[in-house]
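Asks: just the structure for this:
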Amino acid sequence: MLSIGLIACENKKQTAPKKEVVENTNKSIFWGEIIFSSTIVTDDSVLAASLNTFSPSRVDIYLDSIHFRMIEYGGTSHGNVIINKQTKEVWQLDTTKKIAHLGEYSDLGDPSGVLKSTMPDHYAPTVELLNETATIAGHVCDKYRIVRSGFIPENDKAFIWVARDLKFPSSRYDIQTEVNRSAVPIPLYLGYEEGAVLKLMVQSKNYSRTFEVTELKANYFPNGIFEIPENYQRK
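Replies: Got it, this is the predicted structure:
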């Protein structure tokens, strides 16, 4: 699930944001394994405990042209989901009880025109290119400041590091089943799709939080990663 304090109410300014122009338009679409980590820095031990309890510290994502798989480690949502984009199905796997729960999902990357026009900051953040670069998971990234976003509180500072050579396919899913609700990591949910966001840092008054891709394996799909195990009951 998205961490406390990272989802802001819709920005009251309804003017459509201007996207930063990306010079390199030949970025390849990434398919394979993406591993995200989440870290918190704060002097408030109670806040740190609360955030660490609520949100996963690691999220593994697997993507191909048809499927999306997400496995969360830590946190309260215990997301372990398989999405089939052809059948429009999502399954939540309960690995303890060996049950697969059929659920529903929404895709923020495929909104109606009316919704997109009324919530522009939720679909494309306004960013400013900074004169800084970093190499993350083996890829050179440019650093941007997020000027405005529907997912970043107005008083917080936020920065993203965007890969120069690759993009992630739009994967902005919110998943609901009878056992839980989960959402993709905020770097995917953010809506910046001109390049793969390999790192996101949000600095608030009381803490800073960093989401970072620690490993990328192109075209890597463990055996059965998009399949419900045969010994699972389907509900």
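
Asks: how far does stretch 123-143 sit from its chain's centre?
Replies: In terms of Cα atoms, centre = their mean, to the nearest Å, the gap separating the centre of stretch 123-143 from the centre of its chain is 16 Å.

Asks: contacts made by it with the rest, please.
Replies: For stretch 123-143, the external contacting residues (Cβ atoms under 8 Å, 6 or more residues apart in numbering) are 17-20, 108, 111, 116, 144-152, 159-166, 190-193, 195-196, 198-199, 212-216. All C-beta spots, glycine's among them, are computed from the backbone N, C-alpha and C.

Asks: give me the buried entries from those.
Replies: Using 16 or more other Cβ atoms under 10 Å as the burial test, those include 17, 20, 108, 111, 144, 146, 148-152, 159-163, 166, 190-193, 195-196, 198-199, 212-213, 216 as buried.

Asks: which element follows the helix or strand of the chain with the lowest mean pLDDT toward the C-terminus?
Replies: Least confident helix or strand of the chain, by mean pLDDT, DSSP states H and E, is helix 113-118 with a mean of 66. The C-terminal neighbour of helix 113-118 among helices and strands, as given by DSSP states H and E, is strand 126-136.

Asks: that next one pairs with which strands, and in what direction?
Replies: Taking DSSP bridges as the criterion, strand 126-136 sits next to strand 139-148 (antiparallel) in its sheet.

Asks: list the helices and strands the next helix or strand after the strand it pairs with packs on?
Replies: Later in the chain than strand 139-148, the nearest helix or strand by DSSP H and E is strand 157-163. Contacts defined by 3 or more Cβ pairs under 8 Å, 6 or more residues apart in numbering; DSSP states H and E place strand 157-163 against strand 126-136, strand 139-148, strand 197-203.

Asks: what lies in contact with whichever helix or strand comes after strand 157-163?
Replies: Moving toward the C-terminus from strand 157-163, the first helix or strand encountered (DSSP H and E) is strand 166-167. When contacts are taken as Cβ under 8 Å, 6+ apart, the neighbours of strand 166-167 outside the stretch itself are 27-30, 139, 193-196.

Asks: follow-up on the earlier one: columns mean pLDDT on top of the helices and strands packed on strand 157-163, output as TSV?
Replies: Listed next are the helices and strands packed on strand 157-163 as TSV, based on pLDDT from 0 to 100:
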stretch	mean pLDDT
strand 126-136	96
strand 139-148	96
strand 197-203	96
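
Asks: okay, the ones you listed, which one's buried deepest?
Replies: With neighbours defined as mean count of other Cβ atoms under 10 Å, these peak in mean count at strand 197-203, which reaches a mean of 22.
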